Structure formats: structure tokens, C-alpha cells
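**Student:** quick one, fold the following:
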Amino acid sequence: VQLVESGGGLVQAGGSLRLSCAASGFTLHYYAVGWFRQAPGKEREGVLCFTSTDNIIYYTDSVKGRFTASRDSAKNTVYLEMNSLKPEDTAVYYCAADSSCRATSRPGRSWGQGTQVTVSS
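**Tutor:** This next block holds a predicted model:
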């Protein structure tokens, strides 16, 4: 059972990136997928959750209207699509899958490597 984040990189402010959260060993479609990020010197924060019914719950007001999520069930992958990126979006981004959005942020979770997003001004 594994989740792997990818798709990060260096982008100029105003640019876009699409991050991937690819699952192996289980069917991601049946789970909520939370996206989180951790900026240098800050605690990990929730960005949004993509539910098993393909709804989006935003945890951070600053990404509303700029970030969205989608799913490719054939690839067992959930995407975080980030537009109009700002320098303050710079962070390592992580995904987590669980039975509910609340459960994706449960304490003690083991996190993957994440993927670095750097937005230059």
C-alpha cells in the first residue's frame, strides 16, 4: 500500500503545476484524498480534500479559485491542479488517502516524500 507524490517543480508566479498522487496496492477511487503542504519553518497544513464522490473540500481559503482536484481512476491517481501560483504556495506537497477527509489528517500518519513546489516571484 503506497502513495507517491510527483509533479512538483520550479515555476514563476502566475504559472501552473499539476501534482499527482499515485496509489499502488489499493484502489484510490474508494478513498478520500487529502492534499497537504509544508513550507519551510512551518507546520504542515491542509490544502484540500478530494472526496470519494469527487467533491472538493477546501482547507485553505487562499487556494480557493486557484487550486482544484481531479481523479483518473484508470491510473489510480488523484491530481492537484494549481493555477495562478504565488510565492507563498512554495512548500513540499503531500497526499494522504483514508476513509474520510477528516481521517486523512489523523495524527501519527506516516507521510511519503512529498513533492517540492517552488514558486519564484
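**Student:** and residue 120, what are its bridge partners?
**Tutor:** Beta-bridge pairing for residue 120 (DSSP bridges): residue 12.
**Student:** any idea how many residues pack against the closest residue to residue 10 other than its chain neighbours?
**Tutor:** In this structure, residue 10 finds its nearest non-sequential neighbour in residue 118, 4.7 Å apart by Cβ to Cβ, 6 or more residues apart in numbering. Every C-beta, even on glycine, is put in place using the N, C-alpha and C of the backbone. When neighbours are defined as other Cβ atoms under 10 Å, residue 118 has 15 of them.
**Student:** shouldn't residue 112 be within a helix?
**Tutor:** No - counting by DSSP: H, G, I helix; E, B strand; the rest coil, residue 112 falls outside a helix, being coil.
**Student:** centroid-nearest residue for the protein?
**Tutor:** residue 35 (2.9 Å; Cα atoms, centre = their mean).
**Student:** helices or strands up against whichever helix or strand that residue is part of?
**Tutor:** Using DSSP states H and E, residue 35 sits in strand 32-38. Here strand 32-38 touches strand 17-24, strand 45-50, strand 91-98, helix 101-104, going by 3 or more Cβ pairs under 8 Å, 6 or more residues apart in numbering; DSSP states H and E.
**Student:** mean confidence (pLDDT) on that strand, please.
**Tutor:** Mean pLDDT, strand 32-38: 97.
**Student:** and the angle from that strand to strand 17-24?
**Tutor:** Counting by axes from the mean of the first three to the mean of the last three Cα atoms, to 10 degrees, strand 32-38 lies at 130 degrees to strand 17-24.
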